[in-house]
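Participant: From the sequence below, what's the structure:
(chains A, B and C)
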Amino acid sequence: MESNWHRNLLEHRSGLFAALTTVVISIGGLVEIAPMFSVPLDTTGITVPTPLEVAGRDIYVREGCYNCHSQMIRPMRAETVRYGEWSRANEYAYDRPFQLGSRRIGPDLMRVGGKYPDAWHYEHMRDPRSTSPGSIMPPYSWLLEDKVDVADIQASVNALRTLGHPYPADLDVGASMREQATAITGRLAESKITVDPDREIVAVIAYLQNLGVDGKKLYATAGSQ
Amino acid sequence: MSPVTDAVAQSAQLGWVLGVMTVAFLTSFVGWTLWAWWPSNRERLDAAALLPLEESP
Amino acid sequence: MEAAPLSAPRYDDASVRRFITATVLWGIVGMLVGAILALQLAWAPANLGLPWTSFGRLRPLHTNAVIFAFTGNALFAGIYYSMQRLLKTRMWSDTLSSVHFWGWQAIIVLAAVTLPLGMTQGKEYAELIWPIDLLIAVVWLVFAANFFGTIAIRKVKHLYVALWFYMSMVITITVLHVVNNLALPATLTRSYPVYSGMTDALVQWWYGHNAVGFLLTTPILGLMYYFLPRAAQRPVFSYRLSIIHFWALVFLYIWAGPHHLLYSALPDWAQTVGMVFSLMLLAPSWGGMLNGLLTLRGAWDRLRTDPILKFWVAAITFYGMSTFEGPMMSIRAVNALSHFTDWTIAHVHAGALGWVGESVFAMLYYMAPQVWNRKLHSVSLATTHFWLATVGIVLYVVAMWTAGVTQGLMWRAFDEAGLLQYPNFVDTVRTLNPFYWIRLLGGLMYLGGIIVMAWNLYKTATSDSSNALEA
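Facilitator: Modelled structure (predicted):
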């Protein structure tokens, strides 16, 4: 067999072949992803989610809301008129995991914060068709019963702090949650809805009502909306 | 994040690096194609195509 | 079937039989959950008001079951079968083969339990929680060790191109899985990714796109390069083309992830790079498609009688169609309409049901008689399966195309006063209802086809020795 160095190199040396494959499949990812770490993100005006909002977000992720709802408003008139100011990168700074979504079976939620009263969300979660006739969203009535566990959220806050979310060292997770939750249940009571502050629905409302609020303040311009 | 990603990040933003990369990738593609169609390799590769048919099932 | 299958006891076909069985069973489960989801979208009460049956929790179960359980097991069956024959050696370690099989099934069972319970990482196709991710890494490395071990003891020097494709899967999936799942655990069932926001999104879609690339595309192309020549009884049209499009495909594929994030807050240059590479991807993809179809030249007459060839032709045609559609959807202007709509759902199902599913069926109908050493119980049932599957896909895809374009146009429609024509989102949802019923019908036909196949293969495997391939 006449010896061909290139033949030996590629076809007969599986280790080398594997190494070459590794290099070839790594280039694209490196070139695209690495620069993301060197782009400075201006987080001025972007608030860190409170413990109650973290709890609500965990529930949002748990229920797989991202399977039907996006959090990404594209810079097009049809989108900004329907949903509000288009999404900027720094607004997602504290999104772990990101929840941009890929299919709008329901509407975008990027700027749902402040769009409806707390009571609307309560009723909508209990029975989506009571507030949105024709909706195909499943009811989430268990959120009205199930309780948020403070120790569980403490663990989440600790992990997020390690990852760089700037929570103050002396943050009292339980007290912070109670305070924010009581404010929400107070508003709900005004709408004749009685619910304990430790229910999951309260955390979900806290999360939803905070969605996109910072960005709206930063980026809302006259004429949009 | 790490020196490696930083270095890649910085070089990926340099026009000449991207130019060199493009030329390098294109050259390797053309080279590999020429290699495969080179008469001496041609025969061997055509023989390799028979490998799945060699064995009884 | 030209030779005696029993002449090769040196091959580990027991593993192949197990992976085939798992493929069929998980295929039924995955598609059944898909049909339930389709029903839920057509008729919301099917969510049943229970946490573990609601759409948001079941959809990850469907995608994970079809990708990792159905396709995963099918890939392993095909790879174990073909690599032993291409390298003329038994798998390196029977123990590793066994650990690989049972480990993978354990992962699937854990997924099927945890996902409906709402334990998730919240990233598409990477939903499984961190302890399961660790198990996946271990089992995958067991497979990799067995794979490279077998290559090391091979009796054929030349690595046939199918093995190149398999190898790219083994390597790339390892890299993707590790990088995308880097996370800090908060509790046993919850973790937070080390990346946040748009970086997390980019890493995720680099993963998501290439999971499609290196689990649902390249290994199946590799399998095509083994099983299609065998079914057609002729070598691949151009071996040279196959090795060239291999390198082009694996190099270009990795870059295309950002096309999932067009018009997002991802830096503009990254979006453009993603779009351009997606367009370039058309070339190596169609290289593979043409190579597959042209392999059949001179064998077209057998198409009428051989269901295996029917499945291959349909699969490769769907591959060509999806790999044309994909680049087209990566063009910004098209993506502006298609993104967030059922057009995407149509696209992935043309790929998953058409290309992946029909390739898998072709492989199973070829392999099962060989590894059980029995003639296929019924060729006409296999043909029935083919028509159920193909008509089912067409119904599904056409319904979802129509739904996608319809909804996309409704979202952007303005009236003469310059106001949104359909300001109430629900109006655009209501319009889709008939298409959702048609989609369900298509999905049920596809599921029915798999059940027919399950019965056919069961009868094949359990028939008596008078039906042996070699009398």
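Participant: Pull the contacting residues for residue 53.
Facilitator: By default, I'm working from chain A. A:180, A:203, A:206-207, A:210 (C-beta atoms under 8 Å, 6 or more residues apart in numbering or on different chains). All C-beta spots, glycine's among them, are computed from the backbone N, C-alpha and C.
Participant: actually chain B
Facilitator: Contacts of residue B:53 (C-beta under 8 Å, 6+ apart): C:229-230, C:233-235.
Participant: quick one: contacts of stretch A:165-180?
Facilitator: Residues contacting stretch A:165-180 (C-beta under 8 Å, 6+ apart): A:48-53, A:55, A:94, A:148, A:150, A:153-154, A:157, A:160-161, A:197, A:203, A:206.
Participant: Quick one: distance of the helix ranked longest in chain B to the chain centre.
Facilitator: In chain B, taking DSSP state H as the definition, the longest helix is helix B:15-37. Averaging C-alpha positions (C-alpha atoms, centre = their mean, to the nearest Å) puts helix B:15-37 8 Å from its chain's average.
Participant: after it, next one along is what?
Facilitator: Sequence order places helix B:39-48 as the next helix or strand after helix B:15-37, per DSSP states H and E.
Participant: quick check: angle from that following helix to helix B:15-37?
Facilitator: 70 degrees (axes from the mean of the first three to the mean of the last three C-alpha atoms, to 10 degrees).
Participant: Need the contact partners of helix B:39-48.
Facilitator: Counting by C-beta under 8 Å, 6+ apart, residues outside helix B:39-48 touching it are A:4, A:7, B:35-36, C:158, C:160-161, C:235, C:239-240, C:243.
Participant: The following helix or strand past it: which residues count as buried?
Facilitator: Helices and strands here follow DSSP H and E; after helix B:39-48, the next one along the chain is helix B:51-54. Within helix B:51-54, the residues that count as buried by 16 or more other C-beta atoms under 10 Å in any protein chain shown are B:51-52.
Participant: before we move on, what about stretch A:72-85?
Facilitator: Neighbour count says stretch A:72-85 has A:72-74, A:78-85 buried, by 16+ other C-beta under 10 Å.
Participant: first to last residue in that stretch, what's the distance?
Facilitator: 10 Å (C-alpha to C-alpha, to the nearest Å).
Participant: So that stretch, near chain C or not?
Facilitator: Yes: using C-beta under 8 Å from any C-beta of the partner chain, stretch A:72-85 comes into contact with chain C via A:72, A:74-76, A:78, A:81-82.
Participant: Tell me the one among these nearest to residue A:186.
Facilitator: Closest to residue A:186 out of the residues of stretch A:72-85 next to chain C is residue A:82 (31.5 Å), distances taken as C-beta to C-beta.
Participant: The closest one: what's its closest spatial neighbour, skipping adjacent residues?
Facilitator: With sequence-adjacent residues excluded and distances taken as C-beta to C-beta, 6 or more residues apart in numbering or on different chains, residue A:82 is closest to residue C:420, at 5.9 Å.
Participant: Run a quick neighbour tally on the residue nearest to residue C:355 when sequence neighbours are not counted.
Facilitator: Distances taken as C-beta to C-beta, 6+ apart put residue C:319 closest to residue C:355, at 4.1 Å, once the chain neighbours are dropped. For residue C:319, the neighbour count with other C-beta atoms under 10 Å in any protein chain shown is 27.
Participant: pull the CA atoms of the stretch of helix or strand residue C:319 belongs to into PDB?
Facilitator: Taking DSSP H and E as the criterion, the element that holds residue C:319 is helix C:307-329. Below are the C-alpha coordinates for helix C:307-329, written out as PDB (Å, rounded to 0.1, in the frame of the first residue of the first chain):
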ATOM      1  CA  PRO C 307     -41.900   0.000   2.200                       C
ATOM      2  CA  ILE C 308     -38.300   0.500   3.500                       C
ATOM      3  CA  LEU C 309     -37.400   2.400   0.300                       C
ATOM      4  CA  LYS C 310     -40.700   4.300   0.400                       C
ATOM      5  CA  PHE C 311     -39.800   5.500   3.900                       C
ATOM      6  CA  TRP C 312     -36.300   6.500   2.800                       C
ATOM      7  CA  VAL C 313     -37.600   8.500  -0.100                       C
ATOM      8  CA  ALA C 314     -40.200  10.300   1.900                       C
ATOM      9  CA  ALA C 315     -37.700  11.000   4.700                       C
ATOM     10  CA  ILE C 316     -35.000  12.400   2.400                       C
ATOM     11  CA  THR C 317     -37.600  14.500   0.600                       C
ATOM     12  CA  PHE C 318     -38.800  16.000   3.900                       C
ATOM     13  CA  TYR C 319     -35.200  16.600   4.800                       C
ATOM     14  CA  GLY C 320     -34.700  18.500   1.600                       C
ATOM     15  CA  MET C 321     -37.900  20.500   2.200                       C
ATOM     16  CA  SER C 322     -37.100  21.300   5.800                       C
ATOM     17  CA  THR C 323     -33.500  22.300   5.000                       C
ATOM     18  CA  PHE C 324     -34.800  24.700   2.400                       C
ATOM     19  CA  GLU C 325     -37.500  26.000   4.700                       C
ATOM     20  CA  GLY C 326     -35.100  26.500   7.600                       C
ATOM     21  CA  PRO C 327     -32.700  28.900   5.800                       C
ATOM     22  CA  MET C 328     -35.600  30.700   4.300                       C
ATOM     23  CA  MET C 329     -37.100  31.300   7.800                       C
END
